[in-house]
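Peer 1: let me see the structure of the following:
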Amino acid sequence: MSMRLEKSKFISLLMNLLMPGLGHIFWKEYIFGIFVFLVVLIGIILFFVSFFVDISTLVIAAMLALPI
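Peer 2: Numbers count the residues shown, from 1 in each chain. Here you go, the predicted model:
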């Protein structure tokens, strides 16, 4: 009883841990995979920039309210 690689939940979890969006590209959902990867990349960049740039409380509140 062999499970196909495309249906494996373990492979899906592993790909999301290694690089978010990679699983979507693997399953030929290219546009959504690139979108997920870029959103994560922007989040990482904002995280590191926040250590070097002093941002006001109003900007922090706006950034935290955007996903809602």
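Peer 1: for residue 61, give its distance to residue 21.
Peer 2: Distance of residue 61 to residue 21, given as CB to CB, to the nearest Å: 28 Å. Backbone N, C-alpha and C define where each C-beta goes, glycine included.
Peer 1: quick one: contacts for the residue nearest to residue 12 when sequence neighbours are not counted?
Peer 2: Of all residues not flanking residue 12 in the chain, residue 23 sits nearest, at 5.3 Å (CB to CB, 6 or more residues apart in numbering). Residues counted as contacts of residue 23 (CB atoms under 8 Å, 6 or more residues apart in numbering) are 11-12, 15-16, 33.
Peer 1: can you check residue 62 too?
Peer 2: Here residue 62 is in contact with no residue (CB under 8 Å, 6+ apart).
Peer 1: give me the element it is part of.
Peer 2: Per DSSP states H and E: residue 62 is located in helix 57-65.
Peer 1: please compute how far that helix lies from its chain's middle.
Peer 2: Distance of helix 57-65 from its chain centroid, counting by CA atoms, centre = their mean, to the nearest Å, is 20 Å.
Peer 1: that older thread, which of residue 61 and residue 21 has more residues huddled nearby?
Peer 2: Taking other CB atoms under 10 Å, residue 61 and residue 21 do not tie; residue 21 has more neighbours (21 against 10).
Peer 1: in this structure that one contacts residue 30, no?
Peer 2: No. Judged on CB atoms under 8 Å, residue 21 makes no contact with residue 30 at a distance of 9.9 Å.
Peer 1: so where's the longest helix in this structure?
Peer 2: helix 30-52 (DSSP state H).
Peer 1: can you list contacts of that helix?
Peer 2: Here helix 30-52 has contacts from 19-26, 63, using CB under 8 Å, 6+ apart.
Peer 1: would a markdown table of those with secondary structure, distance to residue 52 and pLDDT be doable?
Peer 2: Listed next are the contacts of helix 30-52 as a markdown table, based on DSSP: H, G, I helix; E, B strand; the rest coil; distance: CB to CB, whole Å; pLDDT from 0 to 100:
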| residue | secondary structure | distance to residue 52 | pLDDT |
| --- | --- | --- | --- |
| 19 | coil | 25 | 79 |
| 20 | coil | 24 | 79 |
| 21 | coil | 26 | 78 |
| 22 | helix | 29 | 76 |
| 23 | helix | 32 | 75 |
| 24 | helix | 32 | 76 |
| 25 | helix | 31 | 73 |
| 26 | helix | 35 | 72 |
| 63 | helix | 16 | 75 |
